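> Structure for this input, please:
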Amino acid sequence: MSVIVVLMGVAGSGKTTIGNMLADAILCPYLEGDSLHSRANVEKMSHGIPLTDADRAPWLSAIHARMVDVYDRGQNLVVGCSALKQSYRSVLADGLPLTWVYLKGSPELIRSRMLHRASHFMKVDMLSSQFAALEEPFDALVVDVSESPGAIVEWILSEVRKPTRVAGIGNET
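Predicted coordinates for the structure are as follows:
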């Protein structure tokens with residue numbers, strides 16, 4: 001049974017850090033959703049220009065296609081993708097049983113993290129537009145990103161391993 005966990009949240013919420021750690025724990029690949037942005041999207045964001053829904057459509061389709069491929073092969077995957085709006089999550093989830101994990105943090109905490117990271121195209125000036133666009137999910141595991149990355153990963157693993165959620169991630173059942 002294929003398990004796909006999608007870590008979502010605003011820029012700077014820890015998707016890459018948590019995603020890599022979680023993928024290591026599950027022994028599966030991590031897909032950095034940002035790696036599938038077009039050159040034009042990266043250029044816009046590098047200049048502090050927020051993306052439109054039209055800009056995001058091919059990007060979301062590319063992420064969905066990757067997840068479908070993994071699912072069809074019966075493999076596991078951890079994905080990091082902002083997925084700020086319900087409509088984006090609907091595109092990503094189309095036909096797939098996804099486990100959503102919302103990495104939730106205050107604007108102040110996220111801003112301080114973004115100020116301390118280097119060489120990322122997403123600028124701290126755009127954070128307010130991300131929070132403005134954010135539609136908090138109703139169907140996700142919600143984790144407070146003020147916790148340590150290790151504690152967050154352990155909590156996610158404990159939730160995902162529950163029999164009512166998914167069999168197959170680190171379970172003997």
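> Low-confidence regions, this protein specifically.
Along the chain, the model assigns pLDDT under 70 to residues 113-126, 163-173.
> Where do the helices of it begin and end?
Listed in chain order, the helices of the chain (DSSP state H) span 15-26, 39-46, 53-72, 86-93, 107-115, 127-133, 149-160.
> ranking those helices by burial, who's on top?
Highest mean neighbour count of the helices of the chain: helix 15-26, a mean of 20 (counted as mean count of other C-beta atoms under 10 Å). From N, CA and C alone the C-beta is placed, and that goes for glycine too.
> residues making contact with stretch 91-98?
Applying C-beta atoms under 8 Å, 6 or more residues apart in numbering, the set of residues contacting stretch 91-98 from outside is 4-6, 57, 60-61, 63-64, 67-68, 71, 81, 83.
> Including distance to residue 150, could those residues go into JSON lines?
Shown next, in JSON lines, are the contacts of stretch 91-98 (distance: C-beta to C-beta, whole Å):
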{"residue": "4", "distance to residue 150": "22"}
{"residue": "5", "distance to residue 150": "17"}
{"residue": "6", "distance to residue 150": "20"}
{"residue": "57", "distance to residue 150": "36"}
{"residue": "60", "distance to residue 150": "30"}
{"residue": "61", "distance to residue 150": "34"}
{"residue": "63", "distance to residue 150": "26"}
{"residue": "64", "distance to residue 150": "30"}
{"residue": "67", "distance to residue 150": "26"}
{"residue": "68", "distance to residue 150": "31"}
{"residue": "71", "distance to residue 150": "28"}
{"residue": "81", "distance to residue 150": "22"}
{"residue": "83", "distance to residue 150": "24"}
